[in-house]
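**Student:** Sequence plus predicted model, see below.
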Amino acid sequence: MMAWLFIVLGLSGSTGTSGAAAQTPQKLGQGVTVTPAEGWTSAQNVWNVGPNALSLRMSGVLVAFGADAYGGNTRQLLDEQLSSTKNQFGSFRSLPAASTTVGGGLAGLKILFYGTSDSSDLEGELVVAATDATGVVMMAVAPAGQLSRVQGDLDAMLASLSVPR
Amino acid sequence: MNLTRQPAYWLFVLLVLAGVGLVGVQQLSYFLSYPGAWFLSILLLAAVAIPVGVIIYRMDQFEPEPASLIVIALLWGGVVALAFAAIANSAFLDFLQHVLPEKQVNAWGAALVAPIDEEFYKGCGLVMIFLIARNEIDSLMDGMVYGAMIGLGFQVMENIQYFVHAAAQSGGAGLGGVVGTFFVRVLIAGLYSHMLFTGLAGFGFAYFITRKGARPWATRAGVFALFILAAWAAHFVWNSPWLDSLAQGGAGAFILSLVVKGLPFLALLAIMGALARRRESQAFERLMAEEVGGDVVTAEEFQVLRSARRRRRMVRSFKRRRGPAAGRLLKRVMREQMNLALFHTKVEQPGHPAVEAQREKIRQMKTQLAHMAAAR
């Protein structure tokens, strides 16, 4: 039992970690920072999200955090992000948006979605918040059924967002 | 049976305590974050898992397994296997993500990782039960029962995770996510899950250990490997993206896709279950041959003992005519009569004092039963 655990942990460790040191705040745009949770590594090689954003991965889950100048409100930001996300899926359905808060008590909106892309069943979580001409976005995508396993990490990283106001 | 004398039992206790550290903290966080969803999950799952557990327990009608070992099986599945598999799954997926294209991991990750890790850790539970109480796995049915119980424990705890996360994803307050996930994962797809997978593995394991001396090692190992492979394949097919496009074509197509994916393996387990039951029945007849026709077990009583349905009918009828106490006593008499078969498996001489003592015990109970019947 322990042997198999050590084998898979060894395999996982042998692939190495790159970028995004855990527990170290990483800069996004507009002075916003996010602190990756333990175990998450850079996913820039599979998901290039540009200079004002950061992509991470762990255990089959990909997540991107981004911050940029934005003049609209949170609802508008959600609609825009949702619209562009839909276009990347063959079939797409989402749950109604729910209120949430990100780092420092900033009010945001959260939406869960499910979709099919290239024959893969995926689920994801989109969280947005807009304040003082800055828009912050988090998008996580995972194979169906896998997102819940990292929900605690996602919540922790959202709470770690530091947005200058 | 004193389990605490076995070193394996203490290893089990240690592993449960370690597992509780992980699973317990997780459950506590669910309870603190979403108490309504957590309670509803427990209620819904208990409403299904308890009767299902009783059905599995009763499958072994001639020699019900000790409650202590059933609890060990459930704890192994729900705590130890779940905790180890959670860590291994994450690490394995992490590895795959680095060596396979993203799309392949998304589509096949769960199908590759979960069957290997989860079937391995649940299967270790069968070995642990065998090490704790070697004499208790003495038939194919025993292996199926313990395997299915380990699977049931795993399934219940895993479902709590799914239910609470469904509630969290729908905003936390709404309990619709819990009910919806319960409907799909338990009511529609509940049969094609861990009870089925580990039940198959349990059959193979029991074949390997109970056929020692009767079949060559290679045959036993081959059958064992075949059923481990069947358990793995059932899990793999279930988690694979095959027929997912069909699943999106409406409720009927969705159910059809589940049936196509799960029914062949469920049918295999049902056939194996019927086979195991027939063997148990034959063994019971053989072991009881010496007893039938005497004053301890009459020929008519034996006909009733052979069938669980006839036994239940007889107890119900007796209770109606002679009262609840007489009904309970009759049930105990039947259990002790059936236990005679167990005595014959443990001792070789027909006149062994233990067998004689058991016969005497039954005679006394039957006398008491006759007095109760006469008193009404």
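**Tutor:** Arrived safely.
**Student:** So which residues of chain A form strands?
**Tutor:** Along chain A, counting by DSSP state E, strands occupy A:26-27, A:33-34, A:41-42, A:53-58, A:61-69, A:91-94, A:98-102, A:106-117, A:120-131, A:134-143.
**Student:** and these, which one is worst for confidence?
**Tutor:** Mean pLDDT per stretch puts strand A:91-94 lowest among these, at a mean of 80.
**Student:** Identify the neighbouring strands of it in the sheet and state each direction.
**Tutor:** Strand partners for strand A:91-94, identified by DSSP bridges, are recorded as strand A:106-117 (antiparallel).
**Student:** before we move on, back to that, so can I have CSV of the strands of chain A showing mean neighbour count?
**Tutor:** In this view, the C-beta of every residue, glycine as well, is placed from N, C-alpha and C. Shown next, in CSV, are the strands of chain A (neighbours: other CB atoms under 10 Å in any protein chain shown):
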stretch, mean neighbour count
strand A:26-27, 16
strand A:33-34, 23
strand A:41-42, 19
strand A:53-58, 25
strand A:61-69, 22
strand A:91-94, 14
strand A:98-102, 17
strand A:106-117, 19
strand A:120-131, 22
strand A:134-143, 24
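**Student:** any idea how far the residue nearest the centre of chain A is from chain B?
**Tutor:** Centroid-nearest residue in chain A: A:V63, 3.1 Å away (criterion: CA atoms, centre = their mean). Shown here: A:V63 relative to chain B, a distance of 13 Å by CB to the nearest CB, to the nearest Å.
**Student:** Can you name the residues bridging to that residue?
**Tutor:** Beta-bridge partners of A:V63, as defined by DSSP bridges: A:L56, A:A140.
**Student:** Quick check, it in contact with A:L147.
**Tutor:** No - here A:V63 lies out of contact with A:L147, judged by CB atoms under 8 Å, at a distance of 9.7 Å.
**Student:** Touching both of the two, which residues are there?
**Tutor:** Overlap of the contact sets of A:V63 and A:L147 (by CB atoms under 8 Å, 6 or more residues apart in numbering or on different chains) consists of A:140, A:154.
**Student:** Spit out the contact partners of residue 94.
**Tutor:** Picking chain A for this. Taking CB under 8 Å, 6+ apart, one finds A:82, A:111-114 in contact with A:S94.
**Student:** wrong one, I was asking about chain B
**Tutor:** A:12, A:15, A:39, A:58-60.
**Student:** let's go with 6 Å and repeat that
**Tutor:** A:12, A:59 (CB atoms under 6 Å, 6 or more residues apart in numbering or on different chains).
**Student:** Which strand or helix spans it?
**Tutor:** helix B:82-99 (DSSP states H and E).
**Student:** before we move on, back to that, export the strands of chain A to TSV and tack on distance to B:G78?
**Tutor:** Below are these laid out as TSV (distance: least, CB to CB, whole Å):
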stretch	distance to B:G78
strand A:26-27	38
strand A:33-34	35
strand A:41-42	31
strand A:53-58	25
strand A:61-69	25
strand A:91-94	32
strand A:98-102	30
strand A:106-117	27
strand A:120-131	25
strand A:134-143	24
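**Student:** before we move on, the earlier item: pretty sure the residue nearest to the centre of chain A is touching A:L56, no?
**Tutor:** Yes - using CB atoms under 6 Å, A:V63 makes contact with A:L56 at a distance of 5.2 Å.
**Student:** Next to chain A, which bits of chain B? Give me the list.
**Tutor:** Contact residues, chain B versus chain A (CB under 6 Å from any CB of the partner chain): B:88, B:90-95, B:97-98, B:102-103, B:105-107, B:109-110, B:124, B:165, B:169-171, B:244.
**Student:** I'd like to know which of those residues are buried.
**Tutor:** B:88, B:90-95, B:97-98, B:102, B:105-107, B:109-110, B:124, B:165, B:169-171, B:244 (16 or more other CB atoms under 10 Å in any protein chain shown).
**Student:** what sits against A:K27?
**Tutor:** Contacts of A:K27 by CB under 6 Å, 6+ apart are A:T33.
**Student:** Okay, and the beta partners of it?
**Tutor:** Beta-bridge partners of A:K27, as defined by DSSP bridges: A:T33.
**Student:** okay, the closest residue to chain A within the stretch 201-350 of chain B: pLDDT?
**Tutor:** Closest contact between the stretch 201-350 of chain B and chain A, by CB to the nearest CB, is at B:D244 (5.6 Å). For B:D244, the pLDDT comes out at 73.
**Student:** Likewise for the one 4 residues further on?
**Tutor:** Per-residue confidence (pLDDT) for B:Q248: 66.
**Student:** Could you do B:L187 as well?
**Tutor:** pLDDT at B:L187 comes out at 88.
**Student:** From B:V296, how far out is the residue of the stretch 201-350 of chain B closest to chain A?
**Tutor:** 59 Å (CB to CB, to the nearest Å).
**Student:** Then B:L275?
**Tutor:** 30 Å.
**Student:** And these two? Which one has more around it.
**Tutor:** B:V296 (20 against 13; other CB atoms under 10 Å in any protein chain shown).
**Student:** residues touching the more buried one, list them.
**Tutor:** B:V296 neighbours (CB under 6 Å, 6+ apart): B:359, B:362.
**Student:** swap in the one 10 residues further on?
**Tutor:** Shown in contact with B:R306 (CB under 6 Å, 6+ apart): no residues.
**Student:** Apply 8 Å and report the result again.
**Tutor:** B:281, B:284-285.
**Student:** likewise B:V186?
**Tutor:** B:44-45, B:48, B:159.
**Student:** ok, now B:T181?
**Tutor:** B:T181 neighbours (CB under 8 Å, 6+ apart): B:159, B:162-163, B:166.
**Student:** ok, 6 Å please
**Tutor:** B:162-163, B:166.
**Student:** Who wins on neighbours among those?
**Tutor:** Neighbour counts for the contacts of B:T181 peak at B:F163, which has 28 neighbours (criterion: other CB under 10 Å).
**Student:** distance of it from chain A?
**Tutor:** 10 Å.
**Student:** which secondary structure elements does the helix or strand where that residue lies contact?
**Tutor:** Applying DSSP H and E as the criterion places B:F163 in helix B:140-169. In this structure, helix B:140-169 packs against helix B:35-59, helix B:67-75, helix B:102-132, helix B:176-182, helix B:194-210, helix B:251-288, with contacts taken as 3 or more CB pairs under 6 Å, 6 or more residues apart in numbering or on different chains; DSSP states H and E.
**Student:** outside of stretch A:116-130, which residues touch it?
**Tutor:** Here stretch A:116-130 has contacts from A:70, A:73-74, A:77-78, A:81, A:89-91, A:102, A:106, A:108-115, A:136-142, A:144, A:147, B:103, B:106-107, B:244, using CB under 6 Å, 6+ apart.
**Student:** Report the distance from that stretch to the chain centre.
**Tutor:** Relative to its parent chain, stretch A:116-130 has a centroid offset of 10 Å by CA atoms, centre = their mean, to the nearest Å.
**Student:** and that stretch, C-alpha only, in CSV?
**Tutor:** This file holds the C-alpha atoms of stretch A:116-130, laid out as CSV (Å, rounded to 0.1, in the frame of the first residue of the first chain):
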residue,chain,number,x,y,z
THR,A,116,-17.6,19.2,-23.9
SER,A,117,-14.4,20.1,-25.8
ASP,A,118,-12.6,17.7,-28.2
SER,A,119,-14.7,14.8,-26.9
SER,A,120,-13.7,15.5,-23.3
ASP,A,121,-16.2,16.2,-20.6
LEU,A,122,-15.0,19.2,-18.6
GLU,A,123,-16.2,21.2,-15.7
GLY,A,124,-15.0,24.6,-14.6
GLU,A,125,-15.4,27.5,-12.3
LEU,A,126,-15.3,31.1,-13.4
VAL,A,127,-14.9,33.9,-10.8
VAL,A,128,-14.7,37.6,-11.6
ALA,A,129,-14.5,40.8,-9.7
ALA,A,130,-14.2,44.4,-10.9
